[in-house]
Structures are given as structure tokens and as C-alpha cells.
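# structural data only, the sequence is not supplied:
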Ligand SMILES: O=c1ccn([C@@H]2O[C@H](COP(=O)(O)OP(=O)(O)O[C@H]3O[C@H](CS(=O)(=O)O)[C@@H](O)[C@H](O)[C@H]3O)[C@@H](O)[C@H]2O)c(=O)[nH]1
């Protein structure tokens, strides 16, 4: 297939481009390189030394003889460029990662909220709009998030996208219907993915677009089979307080002897998936396009759930690290249960990488190898969800934002 990978320079986009190229597909990356600009804005860099996208694709060609094409296009702002590119290339499938993906970054300031909403919603809408206008019947696979479901304290199992409900009619009868699972975002970033869901629902219904939405959990790990092939193909690894996700942060913190930064009681339960499984799931989803005219296909792209404090304790036990119990900069349930249905990918043959299988080698191979590149000052998560929380954190009497270390 000819596949366009929108956001193919990012943390999941790049290994996906390599994986699909390796599988024989004709890969075209469209990216505005915003993630690299945001590194510059924040004054941080990937833990792993990362080459330019042009250099990465040159190395891939030298290693494999296969070409990955790169196009500098901003989906949210360059509608005509996007439309012209789609008209010229008419891909068979499109994988859409081209959104600002960090919840703390989206909550940093009013400017960051605006940027995240404008960028994410416009990128998705421009794409859908162009597909209709060009009568392009490409299968669109979108990287959504488990965070659209929210983290209720009720603890009911989360279905794959749709919830069966009984609605009482005027005549007093109960009719059953399947509705999109009610959105319950926990950040501006997560909210944009909820808005995406509505855009997809409308365009699938109105124009018959074929859309798959992957509700992905927190990705951990760095390497995939293809990124290991050459040092310059290495994936990015974020450890800072805005873009680093919890498990990868704990791994690098353990490697540099920094107390593991648990927010609140660490009772937050979240869904996880290894980067290798993430790229496999995308390939599986591409092989299962929904029929034209059918509703949006939704998969829960996660393989296991963990409580934050259990992860911290597991890594502390392996590495001897201390745990720092910090006031939570986010507004989120202090404790939640999470049971998630993910049978669709398992039935398509996904054989999950379990946390325990991959954890130690991740610490040794990546975190320790590149620990010298860490700026410890960029480890704390400083983005507060509300003004009240910001005030509370900034007026921490100990001046260290630390509740206790154990
Ligand atoms: O040092 C830290 C960092 C995070 N947390 C806690 O860990 C949980 C997860 O935080 P995260 O930063 O790992 O994940 P999140 O903000 O939810 O976002 C990440 O995971 C999402 C999947 S999910 O969480 O919605 O399933 C993706 O959509 C996003 O792109 C990705 O950045 C939160 O309760 C947070 O308070 C800590 O305790 N300590």
C-alpha cells in the first residue's frame, strides 16, 4: 500500500514508518517538525540523540534499500499544501499522528491551550475535509487515546468505543442503542481527542469515510525491531516534566538516581502498551479497514493496566531507587480502577510484550546508556492543571514540592 504517515517524525510515528516500510509498504511522512520546535521552546532534548528526519530516512535507505519520503507540511495551517499533496499522491491509507500529544504541555498556559486546540482540531478537520473534497477513499487510522474514556472511580469495564444503552421512548418502551462511550477528558489535550471522535463520527456517517480510531494507552519503551538496526535510526525518548510519560520517566529517574516522581498517592491506574506492540497494532488495524458507510471502527490499543505507585515500587525494587511522593500538579482522581476490553487486537493475533519481560533491558540499554544527556532540572513536572493547584504547589512550605521520600 501507499501509506501517508502524518506526524511520522514523532515518538510513535517514526517507528511506525520504519515498521510499515520494512513490511514492504510505500511510506510518505508528512510532518511540520513541531515536536522538534517544542523541544527548543522548552529547552530540552530527547534522551536519545536524534538525527534530522532527512538523515534518518537516508540511513534507512542505506540500510535497507527502501525509501521513506518526507514532506514538510503543517496539516493545521497549510490546508492547500495538504490537499494538493493528497491529490497528487492518492494514498491507499493514512495514519494520523499529527497532533500535540502531551497533557502537561496542553495545560501550561492559555497560549498552550489555544495552540493544542487549534493545532489538533484543525489538523484532523483539514484532513477529513480534504478527503471528502478529493473523493479519496483512503482508510484513515487515527491515534486516539484511552484518556477519552476518563478515569471514573466506578470501575466498570471499558468497552471498545461503544456503549450499549437502553433509552426509554415516549411510548414507554425501552429501545437499545450503541452510543460512543461518553467522553470524559482530563486535560485540554485529551479533550481535543474527544472532539476528534465527533469529527470522525460525523464524516463516517455523512460522507462514508472509512475511519479506524485507536484508543491507545501510555506507550513505554524506545526500541522496535527496526530502530535497533542502526544507531541513527534510534527513536526519541522524552523524560522531561511535560512530554515524558510516567513509566519512561521512572526508568530514566532510576538510571540517574533521581527519586521516582509519584504524583499524589500514586493510586492512578492507567493503561500501557510497549512501543513494539503499538506499531504492530497499527499494522493490524491497517489490514482491517471498515467497509465504506460503516461506523468508525474503534480499538482499545493497550495491553495491561498498572497503578502508578505499583510501577514506582516495582522499579524501586529493581533499581534501589527512592520514591518521592509529590503533591499532584494535575486535577485527576486520586485512586481509580481500570478494566479495559482489548479483545479485538488479541483476536487479530497481537502477542503482548509484558512489562516484566522488557523492563530491565530498557533500563540498562537506553536509560543508563544516555543518562549523561539528562538535565536534572527538567525532570520535575511543573505544569499545574488549575490556578489553585499552581498556588498550592508554589507555596509549598518546604520549598521543594515534596511531601515525602521513601
Ligand atoms: O512523573 C510522573 C508523571 C506522571 N504521573 C502520573 O501518571 C499518570 C499518567 O501520566 P502520563 O504523563 O504518563 O500520561 P498522560 O498524561 O495520560 O498522557 C500520555 O498517555 C496518553 C494515553 S492515556 O493516559 O490517556 O491512556 C496519551 O494519549 C498521551 O499522548 C501521553 O502523553 C497520571 O496520573 C500522572 O499524574 C506521575 O505520577 N508521575
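Done, it's in. All values reported here derive from a predicted model rather than from experimental measurement.

# which stretches of the stretch 301-406 of the chain form helices?
With helices called from DSSP state H, counting those that start in this stretch, the stretch 301-406 of the chain shows them at 308-319, 343-347, 355-362, 387-394.

# redo these as TSV? Include mean pLDDT.
Below are those laid out as TSV (pLDDT from 0 to 100):
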stretch	mean pLDDT
helix 308-319	94
helix 343-347	96
helix 355-362	76
helix 387-394	88
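
# of all these, which lies closest to residue 265?
Nearest to residue 265 among those is helix 308-319 (6.7 Å), distances taken as Cβ to Cβ. All C-beta spots, glycine's among them, are computed from the backbone N, C-alpha and C.

# touching the ligand at all, the closest one?
Yes - using Cβ under 6 Å from any ligand atom, helix 308-319 reaches the ligand at residue 308.

# look at residue 400 and report its pLDDT.
We have a pLDDT of 51 for residue 400.

# so of the helices of the stretch 301-406 of the chain, which one's packed in deepest?
helix 308-319 (a mean of 18; mean count of other Cβ atoms under 10 Å).

# any idea how far residue 250 is from the closest residue to residue 322 other than its chain neighbours?
The shortest distance from residue 322 to any non-neighbouring residue, by Cβ to Cβ, 6 or more residues apart in numbering, is to residue 259 (4.3 Å). Look at residue 259 and residue 250: by Cβ to Cβ, to the nearest Å, they are 10 Å apart.

# these two: who's more crowded?
residue 250 (29 against 19; other Cβ atoms under 10 Å).

# just say helix, strand or coil for the more buried one.
Following DSSP: H, G, I helix; E, B strand; the rest coil, residue 250 is assigned to helix.

# what sits against it?
When contacts are counted by Cβ atoms under 8 Å, 6 or more residues apart in numbering, residue 250 touches 260, 261, 311, 312, 315.

# of those residues, closest to residue 337?
Closest to residue 337, out of all of the contacts of residue 250 and judged by Cβ to Cβ, is residue 311, at 15.8 Å.

# looking at it, that closest one is touching residue 247, isn't it?
Yes - if you go by Cβ atoms under 8 Å, residue 311 and residue 247 touch, sitting 5.9 Å apart.

# so the residue of the chain positioned farthest from its centre, which state does it fall into?
In the chain, the greatest distance from the average C-alpha position (Cα atoms, centre = their mean) is reached by residue 171, at 44.6 Å. Following three-state DSSP, we place residue 171 in the coil state.

# close to the ligand: what parts of the protein are there?
101-103, 145-147, 217-218, 245-246, 249, 261-263, 266, 268, 270-271, 308, 328, 330, 332, 381.

# strands of the stretch 1-150 of the chain, residue ranges please.
Listed in chain order, the strands of the stretch 1-150 of the chain (DSSP state E, counting those that start in this stretch) span 2-6, 26-31, 68-72, 93-96, 139-145.

# who does the first one pair up with?
As defined by DSSP bridges, the strand partners of strand 2-6 come to strand 26-31 (parallel), strand 93-96 (parallel).

# do the longest one as well
Within its sheet, strand 139-145 is paired with strand 93-96 (parallel), strand 211-216 (parallel), according to DSSP bridges.

# what does the third one give?
If you go by DSSP bridges, strand 68-72 pairs up with strand 26-31 (parallel).

# just how off-centre is the partner strand within its chain?
19 Å (Cα atoms, centre = their mean, to the nearest Å).

# do the same with stretch 303-318
20 Å.

# so which of the strands paired with strand 2-6 gets nearest residue 43?
Once the strands paired with strand 2-6 are compared by Cβ to Cβ, strand 26-31 is nearest, at 21.7 Å.

# what are the buried residues along that closest one?
26, 27, 28, 29, 30, 31 (16 or more other Cβ atoms under 10 Å).

# quick one, what contacts the closest residue to residue 339 other than its chain neighbours?
The shortest distance from residue 339 to any non-neighbouring residue, by Cβ to Cβ, 6+ apart, is to residue 157 (4.2 Å). Residue 157 makes contact with 339, 340, 341, according to Cβ under 8 Å, 6+ apart.

# need the pLDDT of residue 157.
92.

# and it, backbone torsions?
phi -60, psi 140 (degrees, to the nearest 10).

# which helix in this structure runs the most residues?
helix 110-133 (DSSP state H).

# which outside residues touch that helix?
6, 34, 75-77, 79, 82-83, 86, 94, 96, 98-100, 105-107, 136, 138, 140, 142, 188-189, 191-193, 195-196, 199-200, 203, 207, 209.

# how close does the residue of the stretch 51-200 of the chain found nearest the ligand sit to residue 338?
Nearest residue of the stretch 51-200 of the chain to the ligand (Cβ to the nearest ligand atom) works out as residue 147 at 2.7 Å. In this view, residue 147 and residue 338 are 11 Å apart by Cβ to Cβ.

# can you pull the buried residues of the longest helix of the chain?
So, applying 16+ other Cβ under 10 Å, buried residues of helix 110-133: 112-113, 115-117, 119-131.

# give the rounded mean pLDDT of it.
Here the average pLDDT along helix 110-133 is 98.

# and it with strand 26-31, angle?
With axes from the mean of the first three to the mean of the last three Cα atoms, to 10 degrees applied, the angle from helix 110-133 to strand 26-31 works out at 140 degrees.

# quick one: helix 110-133 to chain centroid distance?
That offset, for helix 110-133, works out to 17 Å (Cα atoms, centre = their mean).
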